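Peer 1: Got a predicted structure here, sequence first:
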Amino acid sequence: GAVRAEDTVSRWGGDEFILLLPNCNAENAARVAEKVLRTFETSFNLPKHELNSTASIGIALYPQDGSDFEALAKAADSAMYRAKNEGRNAYRFFTPAMEVSSQRFLLIESGLRQALKNQEFFLHYQPQFSITDGHVIGAEALVRWQNPQLGLVSPSEFIPIAELSGHILPLGTWILHQAIRQAKAWQEDGLPPLTISVNLSAAQFRQTRLVQQIKDMLDEVNLDACYLELELTESLAMEDPRAAITMMDALHEIGITLAIDVFGTGYSLLACLKRFRVSKLKIDQSFVRDIASDPNDRAIVDAIITMAHSLGFKTIAEGVETTEQLAFLREHGCHDVQGYYFSKPLPADEFKSYLLAPHSQLFDLP
């Protein structure tokens, strides 16, 4: 209904479609894209359900973006992924700069398919400290990827691609499994019990079997659930507050602690926040970075800590790198901290050695 009689609409596979518009310039292509997006504004009404969907559209023009169908489809695909990365429900035209980005995307996406099987992923652990006594109280598990062709790939680059391509589910399961096994291994080595913090992706959080899956992992190594903390981003928790509350309640029921990650960068509603079964708010490093010099960041961090105290939540600040930041956080009642001031993320064996060393000098404690 959004195209002309001479245009072609085809299903390319899965949830991807191609519109072929002959004798169409950029202006008209944009007009068609806007019409398609408006079409998706209408809800789909099924028995007892009202469903909403969005489209991400990439546009490639002949002949400048490709001299044949295959080249045009590839260019349009690159532009579509740009539309997805920039928030979805939008259209983007192909640009030459996307070609380089697209090639890198395809290399990473292709590498992710074999990475788990080839054991290319590994975890590092960044210690988390109590700000009052300087003791290590936990560790955040952070995934790393060493690819034979690409080298060490940054998580900030491959995690979004894993989410877009669907590889995040098996990867997220692997991270959870490894972190839980490592927490138990440290306990068996006689180390003080630590809480292992693991980030959950949106795809994992939506899984109906998530609670049972985690319970099975804990039972497999006989690790008490209280030593696992799951971090959810603020935007993820607010995406569907009712479903989030249901999932949080189920995780809380089996003894798992929950934290809201990168707090302050999303759009939490206090009415929902007070109903979330979380125990900790994680103050994003973008606020911590300049608290020694920026009065706005100081005000935001102070407000988050005050609000958390009022709601009965603990707070942990990430990205702590200076004594001035640490002093401000301590003075304003932040409970826990992590960051490069104390330690970079470490392999499991180095983390064990670090844990056994004294750290009171970092906090200026006796």
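Peer 2: Ah, there it is.
Peer 1: drop to CA atoms for contacts and neighbour counts, all remaining ones
Peer 2: Fine.
Peer 1: CA atoms of stretch 197-217 as CSV?
Peer 2: What follows is stretch 197-217, C-alpha atoms only, in CSV (Å, rounded to 0.1, in the frame of the first residue of the first chain):
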residue,chain,number,x,y,z
SER,A,197,28.5,-9.1,39.2
VAL,A,198,27.4,-10.0,35.6
ASN,A,199,25.7,-7.7,33.1
LEU,A,200,22.5,-9.0,31.5
SER,A,201,21.6,-8.2,27.9
ALA,A,202,18.1,-7.2,26.9
ALA,A,203,17.7,-10.5,25.0
GLN,A,204,18.6,-12.5,28.1
PHE,A,205,16.3,-10.5,30.3
ARG,A,206,13.4,-11.3,28.1
GLN,A,207,14.0,-15.0,28.2
THR,A,208,11.2,-16.9,29.9
ARG,A,209,13.6,-19.6,31.1
LEU,A,210,16.2,-17.2,32.5
VAL,A,211,15.4,-17.8,36.2
GLN,A,212,15.5,-21.6,35.8
GLN,A,213,18.7,-21.4,33.6
ILE,A,214,20.5,-19.4,36.3
LYS,A,215,19.2,-21.7,39.0
ASP,A,216,20.6,-24.7,37.2
MET,A,217,24.0,-23.1,36.8
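Peer 1: Return the distance of it from the chain's centre.
Peer 2: Here the centre of mass of C-alpha atoms in stretch 197-217, compared against the chain's by C-alpha atoms, centre = their mean, to the nearest Å, lies 13 Å away.
Peer 1: can you pull the buried residues of that stretch?
Peer 2: Across stretch 197-217, burial judged by 16 or more other C-alpha atoms under 10 Å covers 197-202, 204-205, 210-211, 214-215, 217.
Peer 1: Residues touching it, excluding its own?
Peer 2: Here stretch 197-217 makes contact (C-alpha atoms under 8 Å, 6 or more residues apart in numbering) with 138-142, 163, 168-169, 172, 175-177, 179-180, 225, 228-232, 236, 247, 250-251, 254.
Peer 1: Buried subset of those residues, written for ChimeraX?
Peer 2: In ChimeraX, a selection of the buried entries from those looks like this (16+ other C-alpha under 10 Å):
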select :138,139,140,141,142,168,169,172,175,176,177,179,180,225,228,229,230,231,232,236,247,250,251
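Peer 1: about what we covered before: inside strands: which ones of the buried residues of stretch 197-217?
Peer 2: Among the buried residues of stretch 197-217, the members found in strands (DSSP state E) are 197, 198, 199.
Peer 1: Just send those residues back as JSON lines, with pLDDT and distance to residue 345 too.
Peer 2: JSON lines is the format used below for these (pLDDT from 0 to 100; distance: C-alpha to C-alpha, whole Å):
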{"residue": "197", "pLDDT": "96", "distance to residue 345": "13"}
{"residue": "198", "pLDDT": "97", "distance to residue 345": "13"}
{"residue": "199", "pLDDT": "94", "distance to residue 345": "15"}
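Peer 1: out of those residues, which one sits closest to residue 83?
Peer 2: residue 199 (25.3 Å; C-alpha to C-alpha).
Peer 1: How about that closest one: which residues does it bridge to?
Peer 2: Judged by DSSP bridges, the bridge partners of residue 199 are residue 231.
Peer 1: State the distance from it to residue 51.
Peer 2: If you measure residue 199 against residue 51 using C-alpha to C-alpha, to the nearest Å, the figure is 28 Å.
Peer 1: residues contacting residue 225?
Peer 2: 215, 218, 254, 255, 256.
Peer 1: Point out where the chain drops to low pLDDT.
Peer 2: Residue ranges of the chain with pLDDT under 70: 99-100, 102, 264-272, 360, 365-366.
Peer 1: Nearest residue to residue 140 in space, please, no chain neighbours.
Peer 2: residue 197 (4.5 Å; C-alpha to C-alpha, 6 or more residues apart in numbering).
Peer 1: Which residue would you name as the spatial centre of the protein?
Peer 2: For the chain, residue 201 is the residue whose C-alpha lies nearest the centre (C-alpha atoms, centre = their mean; 5.3 Å).
Peer 1: Please name every helix or strand in contact with the strand or helix carrying residue 229.
Peer 2: Per DSSP states H and E, residue 229 falls inside strand 228-233. If you count contacts as 3 or more C-alpha pairs under 8 Å, 6 or more residues apart in numbering; DSSP states H and E, strand 228-233 packs onto strand 195-199, strand 257-263.
Peer 1: Any idea which of those strands gets closest to residue 91?
Peer 2: strand 257-263 (28.5 Å).
Peer 1: which residues are contacting the closest one?
Peer 2: So strand 257-263 is in contact with 226, 228-234, 237, 248, 251-252, 277-285, going by C-alpha under 8 Å, 6+ apart.
Peer 1: which one of the buried residues of stretch 197-217 sits closest to residue 59?
Peer 2: residue 202 (27.9 Å).
Peer 1: Now do the strands in the stretch 51-200 of the chain.
Peer 2: With DSSP state E, counting those that start in this stretch as the criterion, the stretch 51-200 of the chain has strands at 56-59, 90-93, 121-130, 136-147, 151-153, 195-199.
Peer 1: just those: most buried one?
Peer 2: For these, the largest average neighbour count (mean count of other C-alpha atoms under 10 Å) is found in strand 56-59, namely a mean of 24.
Peer 1: Who are the packing partners of it?
Peer 2: Using 3+ C-alpha pairs under 8 Å, 6+ apart: strand 56-59 touches helix 69-85, strand 90-93.
Peer 1: With distance to residue 123 as new columns, can those be given to me in CSV?
Peer 2: Below are the helices and strands packed on strand 56-59 laid out as CSV (distance: least, C-alpha to C-alpha, whole Å):
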stretch, distance to residue 123
helix 69-85, 26
strand 90-93, 36
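Peer 1: Can you check which of the ones you listed gets nearest to residue 132?
Peer 2: helix 69-85 (40.7 Å).
Peer 1: in which helix or strand would I find residue 50?
Peer 2: Element membership of residue 50, judged by DSSP H and E, is strand 49-51.
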